[in-house]
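Asks: Fold the following and give me the result.
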Amino acid sequence: MRIAWSWSWLLLLLVWGAGNAQSATQEYAQQVRILALEHAWDRAVQEQDVKAVDPLMAEELVYVEHDGAVMNKAQYLARVGVPARNFEHIVSDSMRVQFYGQSAVVVGVYREKGSRNGKPYSDRERFIDIWINRNGSWICVASQSTLILH
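Replies: Just a heads-up that it's a prediction; the model follows:
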């Protein structure tokens with residue numbers, strides 16, 4: 001009787017562990033997908049490709065710039081296409097993804113170098129992006145950045 005009970009518990013633990021492993025694998029796959037979207041966003045902004053940025057953003061997007069300006073999706077997309085900016089490179093790194101059900105929060109560092117109105121600049125910002133899974137696709141609903149001064 002004791003042996004049967006032990007095998008039952010072992011089987012239960014194996015099934016539970018397999019379920020957790022599958023869940024962890026699915027979460028990792030979603031994390032990889034979101035980070036790929038973050039990198040695609042960087043590339044699209046660097047190339048000033050408004051059409052590539054558009055599907056990454058929810059219609060109700062709230063974007064808070066490092067200077068405190070608040071933009072909706074249309075305003076943000078208009079900013080992406082401004083020809084007065086010339087990007088040398090844009091890259092996000094040190095990103096971490098935390099899931100909350102069908103939502104994910106990405107925290108990272110955004111680096112941008114280029115010229116504005118012919119004057120060179122280099123910015124480094126800490127950002128928070130909030131993504132939601134809508135109909136099987138991840139879409140950004142909010143983004144906020146803070147300039148790193150040192």
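Asks: Which residue is the nearest non-sequential neighbour of Ile139?
Replies: Ala58 (4.8 Å; C-beta to C-beta, 6 or more residues apart in numbering). Where C-beta positions appear, they are placed from N, C-alpha and C, glycine not excepted.
Asks: For the helix or strand hosting the one you found, name the packing helices and strands.
Replies: According to DSSP states H and E, Ala58 maps onto strand 57-64. Helices and strands touching strand 57-64, as assessed by 3 or more C-beta pairs under 8 Å, 6 or more residues apart in numbering; DSSP states H and E, comprise strand 70-71, helix 73-80, strand 137-147.
Asks: Out of the ones you listed, flag the one nearest Glu88.
Replies: Glu88 lies closest, by C-beta to C-beta, to one member of those: helix 73-80, at 16.3 Å.
Asks: Tell me the first helix or strand C-terminal of the strand or helix carrying Tyr28.
Replies: Assigned by DSSP H and E, Tyr28 belongs to helix 2-46. Using DSSP H and E, the helix or strand that follows helix 2-46 in sequence is helix 50-53.
Asks: Which residues does the strand holding Ala58 contact?
Replies: Outside of strand 57-64, the residues within contact range by C-beta atoms under 8 Å, 6 or more residues apart in numbering are 70-73, 75-77, 132, 134, 139-145.
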